[in-house]
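# below are the sequence and a predicted model for it; my questions follow.
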Amino acid sequence: MNVRRFYFLWGSSQHREYLKKEGKVKRLNCNYRNWVAPVVIAVLSLQPAAEVLADVFYVADLSRIAEIAPNGATTTFVHEQPGNHLNGVLGMAIDSFGNLYTCNNSDHNIVKITPDGMTSVLFRTTVLAYHLTTDSSNNIYLSEPLDNTILKVDPDGVPSILSREVYRPASLTVDAIGNVYSANWDDTVSKIAPDGTAKTIATGVTNSNGIALAGDGSLYVSSYSGNSVFKIAVDGAVTTFASGLQWPGGMVFGSNGDLYVENGGNISEITPTGIAKTFATGLNNPSGDITVQFVPEPSITILFAGMGIGLICRRRQAR
């Protein structure tokens, strides 16, 4: 642990001296023989606080990708324009380096966007991709509902087939050990193991349009036509988590545990108890996904503060 201690000494101007090294008190050269001067020492110990995360959100918004600051202020991160390979962004995900990946609704390009807004084609699908997500190793998983296929693309852009056992896979998320969860167009939710084995874990999730994984392993799925968000517990039980929304779409959890949802042209923030409020406005027409980057912010905590009596002594002067 990197802890810094600062010492402040009080005494007369004749006796005051700052410490050169932690725990060392320098002897003063004063005019009195064998004099011992009491001084007050104040100690303030500081250490870096536990990492504080600020959430920066990215939203597919018609002809641009919007960036939303932690306070909800909305700006444009990158516009669609000739030559940058963006063409109706639909699905979107972010890796551990802050690179965004998108799939378009008008072509088969999987586009990589660096933190400074530079774009390049990472991979081309053979059929239209609908949604994508990334894991902790920066592998990309993308759904091809018209082909009943979920692909896995490694960080170098090399694709492989993860599964063809899911009917109409759509919105995707992935857990820490590589299990992929798919909200499907047939109103079911599937779990796909790293070896590609798939099983249905929930049914009756109508018109799903987004999926997010909570820290406790439960899943949240937005229902576009039902104007609600469903919660799927670890045991597969399905309940309504939030209702009264307006065409909810892409979803993502923030570092504070709240769920952020595209909702009627805005972004809503929903607490763990299901209470919704507007987080961000100023969007044109959110047409696809939302993702988030957790950005560390510097912080300092006072570890210890105190005062005490120290002694500063002089050596006996030579005669």
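Arrived safely. All of these numbers come straight from a predicted model, not from anything done at the bench.

# flag every buried residue along stretch 278-295.
Judged by neighbour count (16 or more other Cβ atoms under 10 Å), stretch 278-295 contains these buried residues: 279, 280, 283, 286, 287, 288, 289, 290, 291, 292, 293. Yep, even glycine has a C-beta here, placed from its N, CA and C like the rest.

# repeat that for stretch 195-206.
Quick answer for stretch 195-206 (16+ other Cβ under 10 Å): 196, 198, 201, 202, 205.

# which residue, neighbours along the chain excluded, lies closest to the first one?
For residue 196, ignoring the flanking residues on the chain, the nearest one in space by Cβ to Cβ, 6 or more residues apart in numbering is residue 163 at 4.4 Å.

# pLDDT below threshold where in this protein?
1-53, 287-288, 294-319 (pLDDT under 70).

# still on that earlier bit, and the buried residues of stretch 278-295, which two are the farthest apart?
Between any two of the buried residues of stretch 278-295, the greatest separation by Cβ to Cβ is 20.3 Å, found for 287 and 293.

# picking that back up, which ones are touching the residue nearest to residue 196?
149, 150, 169, 180, 192, 196, 197, 198 (Cβ atoms under 8 Å, 6 or more residues apart in numbering).

# switch those residues over to TSV; also include secondary structure.
Shown next, in TSV, are those (DSSP: H, G, I helix; E, B strand; the rest coil):
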residue	secondary structure
149	strand
150	strand
169	strand
180	strand
192	strand
196	coil
197	coil
198	strand
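
# list just the nearest of those to residue 215.
Looking across those and measuring by Cβ to Cβ, the closest to residue 215 is residue 180, at 17.5 Å.

# ok, the closest one touching residue 141?
Yes. Applying Cβ atoms under 8 Å, one finds residue 180 in contact with residue 141, separated by 5.4 Å.

# list the residues that contact both of the two?
Contacts common to residue 180 and residue 141, judged by Cβ under 8 Å, 6+ apart, are 133, 150, 162, 172, 174.

# buried sites along stretch 255-265?
Those would be 258, 259, 260, 261, 262, 263, 264, for stretch 255-265 by 16+ other Cβ under 10 Å.
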